[in-house]
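Undergrad: quick one, structure for this:
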Amino acid sequence: MEETNRQKKIAGLIQEDLADVIRLTLKNAGVNNIIISVTKVRVTPDLLQAKAYLSVFPSEKAHEILNDIDQYRAKIKHEIAQRTRHQLRRMPDLLLYHDDSIEYINDLENAFKGKDNPIKDPDILDKRKKR
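TA: Here you go, the predicted structure:
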């Protein structure tokens, strides 16, 4: 099912404010040397839930940082609700997920650069081996 214009507008609004609030929250908590970006926000058709996908660099600390952010989720939701009180009647519940697409791309890139390159040597793939 395709997102409505209303869902897209609310998701964009939440994405922008969420990125700013997370940045400020981590700064106030004393967390340094971490880059967090809100890559995507999807709002359910009933506008009750917003799923936010966060990308964390360095990725080794992603689960630890997401757990820390999850502890502040109520505070973050309240802050976004205050910022959007004139645009939204009700702030959707926030669900935070780790977006590992950058790590996936890096893994693919490393695989292509390695000695076992399936593009240069298609015989290493099981499906391509001649029987």
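
Undergrad: C-alpha from now on. contacts and neighbour counts both.
TA: Fine.

Undergrad: now the helix or strand hosting residue 75, how far from the centre of its chain.
TA: Element membership of residue 75, judged by DSSP states H and E, is helix 73-83. With CA atoms, centre = their mean, to the nearest Å as the basis, helix 73-83 stands 18 Å off its chain's centre.

Undergrad: who are the packing partners of it?
TA: Judged by 3 or more CA pairs under 8 Å, 6 or more residues apart in numbering; DSSP states H and E, helix 73-83 is in contact with helix 5-28, strand 93-98.

Undergrad: quick one, the first one and strand 93-98 angle?
TA: Helix 5-28 and strand 93-98 are oriented at 70 degrees to each other (axes from the mean of the first three to the mean of the last three CA atoms, to 10 degrees).

Undergrad: which residues are contacting helix 5-28?
TA: Residues from elsewhere that reach helix 5-28 (CA atoms under 8 Å, 6 or more residues apart in numbering): 32, 36-38, 40-45, 47, 50, 52, 69, 76, 79-80, 83-84.

Undergrad: continuing past that helix, what's the next helix or strand?
TA: strand 35-43.

Undergrad: give the other helices and strands that the next helix-or-strand element following that next one contacts.
TA: Toward the C-terminal end, the helix or strand that comes next after strand 35-43 (DSSP H and E) is strand 49-57. If you count contacts as 3+ CA pairs under 8 Å, 6+ apart, strand 49-57 packs onto strand 35-43, helix 62-71, strand 93-98.

Undergrad: now do the buried residues in strand 49-57.
TA: By 16 or more other CA atoms under 10 Å, the buried positions in strand 49-57 come out as 50, 51, 52, 53, 54, 55, 56.

Undergrad: quick one: these as a markdown table, columns for distance to residue 21 and pLDDT too.
TA: Output for the buried residues of strand 49-57, formatted as a markdown table (distance: CA to CA, whole Å; pLDDT from 0 to 100):
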| residue | distance to residue 21 | pLDDT |
| --- | --- | --- |
| 50 | 15 | 95 |
| 51 | 16 | 95 |
| 52 | 13 | 95 |
| 53 | 15 | 94 |
| 54 | 13 | 93 |
| 55 | 15 | 91 |
| 56 | 15 | 88 |
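
Undergrad: alright, I will stop here.
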